[in-house]
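J.: I'd like to go over a predicted model; first the sequence, then the structure.
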Amino acid sequence: RIEQGERVFRLSLTSGQKEFVAGVASPTIGIDAPYLGPTLEMRRGERVRFHIDNNLAEGATVHWHGFELPASADGGPHQLICPGERWSPSFEVRQRASLYWYHSHLHRRAGSQVYAGLAAPIYVRDDQEERLGLPSEYGIDDIPLIVQDRMIDGSGQLIYPSGMQARMMGVRGNRIYVNGTEDAVFDAATGQLRLRLLNGSNARFYDFSLEGGAPMQLIASDGGLLDRPHPVRSLRLAPGERAQIILDLAEGRPLRLVASSPDNMMGMMGGQGRGMMGGGMMGRGNDGDPSGGVFRILDIRPADTARSVRLPAELAPLGVPDPSLAVRTRRFVIDMGMMGGGMSINDAAMDMDVINERVPVGQWEIWEIANASMMAHPFHIHNTQFRVIERNGRAPPPLETGYKDTVVVNPREQVRVLVRFEENTDPDLPYMYHCHILEHEDAGMMGQFVVM
Ligand code: C2O
Ligand code: CU
Ligand code: CU
């Protein structure tokens, strides 16, 4: 059944092959492609309908990360698409313009499916953003960068590590791919380049920067534009998080975007015990960090005709989140148990048959997320874009001043967010909140809530 005015997308989940190393093919999963999938473009306010055919030999789900939508369309573990079946969700695009993404959320197997390639970006556009005249020509001056690490063995094959360490820390690879490409290069024709960064890795955190330390203009977080451009020299993204930056290319010098990998397992592998802010870098005890610990993400070659363009001084009127609006506080404590054997939130592991929280529709709440483990976890909440009020009692950094759907909680830290769920009530069908380290999610660091 297609309602009037719905825009229809037809997608097919397929198995494929990809050469992560030239000449060596590895089995993969993609959406209308051997690996990853098309960038979907939507407009705020429009209705969209999908026909998703699962042509894989296994079940799968497709989750719209960052979207506010009915639970039946969410694509979480309850919306299983069996092999050979079609799933046809529809929803109204209510999100602010930003970079979102869609990916597998299969119960206990999101990690392996996303790793194999079941993930891709979504652009949401809206009038408010378009009025600002930011770079927005897809592939020309506005490009998505899905950053993923993959473990490639000595023969060039993609492998999904499943040892103790991979299960505990999450799977980290020894090579970095951007939109599926290693050592990516972009030939820019304009004086300004907008990069939409998505950490699509299973477990690795990145600190992005420009080689040489030049500033980047941070303009957006998960859920859209910030109040104004914030000049930053480095930008940390955990799995699931997004950010948008604008680079000035008018000087005509080539730029190199690089990333280092912070040690997000302080205390466990003999780190400094100061959490993510500690000085210890380069993943002691990793499954295999690339040498030197600094990865090349993207080489940008500007055109010599590029002209400088001025960014607007103000982007979006966000206002300061007001915690006094909240009618209650809910507390979530993340833990890993001994040796990662007890991945849990509030002492419970994910159970498909248990609703952990019942949240009244339309009321502001404070969700207080505490981390009892010795590793940092990106906490993601479905069906909302929230605001970060404070991190350990202190004001959040620039990236966290805007709308977010995923927020890092460092060891022994507590983060408070202001959240509200609008409409889309269904007392029986839940949404998820979980750690976006996919192996943690798969091991039970996830809970379910209904909006009623
Ligand atoms: Cu990006 Cu519940 O996931
Ligand atoms: Cu999500
Ligand atoms: Cu985690």
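T.: In hand now; what should we look at? Ligands and ions are numbered 1, 2, ... in the order given.

J.: for residue 320, helix, strand, or coil?
T.: Classification of residue 320 by DSSP: H, G, I helix; E, B strand; the rest coil places it in coil.

J.: the closest residue to residue 328 other than its chain neighbours bridge partners, please.
T.: Leaving aside its sequence neighbours, residue 328 sits nearest to residue 365 (C-beta to C-beta, 6 or more residues apart in numbering; 5.5 Å). Bear in mind the C-beta positions are built from the backbone N, C-alpha and C, glycine included. In this structure, residue 365 has the following beta-bridge partners (DSSP bridges): residue 328, residue 419.

J.: pLDDT score assigned to residue 365?
T.: Each residue has a pLDDT score; the one for residue 365 is 98.

J.: state the number of residues packed around it.
T.: Under the neighbour criterion other C-beta atoms under 10 Å, residue 365 is assigned a count of 20.

J.: could you do residue 126 as well?
T.: If you count neighbours by other C-beta under 10 Å, residue 126 ends up with 18.

J.: equivalent analysis for the one 5 residues further on, please.
T.: As a burial measure, residue 131 scores 9 neighbours (other C-beta under 10 Å).

J.: quick check on it: phi, psi?
T.: Per-residue torsions, residue 131: phi -60, psi -20 (degrees, to the nearest 10).

J.: stretch 361-370 and ligand 3 in contact?
T.: No - contact check for stretch 361-370 against ligand 3, using C-beta under 5 Å from the ion: none in range, with a minimum separation of 11.5 Å.

J.: what sits against residue 393?
T.: Residues touching residue 393, when contacts are defined by C-beta atoms under 8 Å, 6 or more residues apart in numbering, are absent altogether.

J.: need the strands for the stretch 1-150 of the chain, in chain order.
T.: For the stretch 1-150 of the chain, the strands defined by DSSP state E, counting those that start in this stretch cover 6-21, 24-31, 40-43, 47-54, 63-65, 86-87, 90-92, 98-103, 119-125, 142-152.

J.: out of those strands, which comes closest to residue 335?
T.: The minimum distance between residue 335 and the strands of the stretch 1-150 of the chain falls on strand 63-65, with 24.0 Å, by C-beta to C-beta.

J.: can you list contacts of the closest one?
T.: For strand 63-65, the external contacting residues (C-beta under 8 Å, 6+ apart) are 73-76, 91, 100-105, 122, 240, 380, 382, 405.

J.: low pLDDT regions in the stretch 151-300 of the chain?
T.: Counting by pLDDT under 70, the low-confidence segments of the stretch 151-300 of the chain come to 263-292.

J.: name the residue of it that lies nearest to ligand 3.
T.: The shortest separation between the stretch 151-300 of the chain and ligand 3 is 7.0 Å, found at residue 170 (distances taken as C-beta to the ion).

J.: from residue 341, how far out is the residue of the stretch 201-350 of the chain found nearest ligand 3?
T.: When distances are taken as C-beta to the ion, the stretch 201-350 of the chain approaches ligand 3 most closely through residue 334, which lies 6.7 Å from it. Distance, residue 334 to residue 341, by C-beta to C-beta, to the nearest Å: 15 Å.

J.: who has more neighbours, these two?
T.: Relative neighbour count places residue 334 above the other of residue 334 and residue 341, with 23 against 11, counting by other C-beta under 10 Å.

J.: sec struct for the more buried one, please.
T.: The three-state label for residue 334, taken from three-state DSSP, comes out as strand.

J.: tell me the bridge partners for it.
T.: In this structure, residue 334 bridges to residue 345, residue 371 when assessed by DSSP bridges.

J.: and the pLDDT for it?
T.: As predicted, residue 334 sits at a pLDDT of 98.

J.: next one: residue 310
T.: Taken from the predicted model, the pLDDT recorded for residue 310 is 87.

J.: now do the one 3 residues further on
T.: At residue 313 the predicted local distance difference test score is 96.

J.: check contacts around it.
T.: Residues in contact with residue 313 (C-beta under 8 Å, 6+ apart) are 228-229.

J.: ok, back up a step: I'd like the strands of the stretch 1-150 of the chain laid out as CSV, including distance to residue 417 and mean neighbour count.
T.: Supplementary listing: the strands of the stretch 1-150 of the chain in CSV, determined by distance: least, C-beta to C-beta, whole Å; neighbours: other C-beta atoms under 10 Å:
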stretch, distance to residue 417, mean neighbour count
strand 6-21, 31, 16
strand 24-31, 31, 20
strand 40-43, 25, 17
strand 47-54, 27, 19
strand 63-65, 17, 24
strand 86-87, 30, 16
strand 90-92, 23, 19
strand 98-103, 17, 25
strand 119-125, 21, 22
strand 142-152, 24, 23
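
J.: distance from stretch 40-56 to the middle of the chain?
T.: Centroid separation between stretch 40-56 and its chain, computed with C-alpha atoms, centre = their mean, to the nearest Å, is 19 Å.

J.: just the CA trace of it, in CSV.
T.: Extracted in CSV, the C-alpha atoms of stretch 40-56 (Å, rounded to 0.1, in the frame of the first residue of the first chain):
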residue,chain,number,x,y,z
LEU,A,40,19.9,8.1,0.8
GLU,A,41,18.8,11.7,0.5
MET,A,42,15.6,12.8,2.2
ARG,A,43,13.9,16.1,3.0
ARG,A,44,12.6,17.0,6.3
GLY,A,45,8.8,16.9,6.3
GLU,A,46,8.4,14.3,3.5
ARG,A,47,7.0,10.8,3.8
VAL,A,48,9.2,8.0,2.7
ARG,A,49,8.5,4.4,2.1
PHE,A,50,11.1,1.6,1.7
HIS,A,51,10.9,-1.8,0.0
ILE,A,52,13.8,-3.7,1.4
ASP,A,53,14.4,-7.2,0.0
ASN,A,54,16.6,-9.5,1.9
ASN,A,55,18.5,-11.5,-0.6
LEU,A,56,21.0,-12.7,1.9
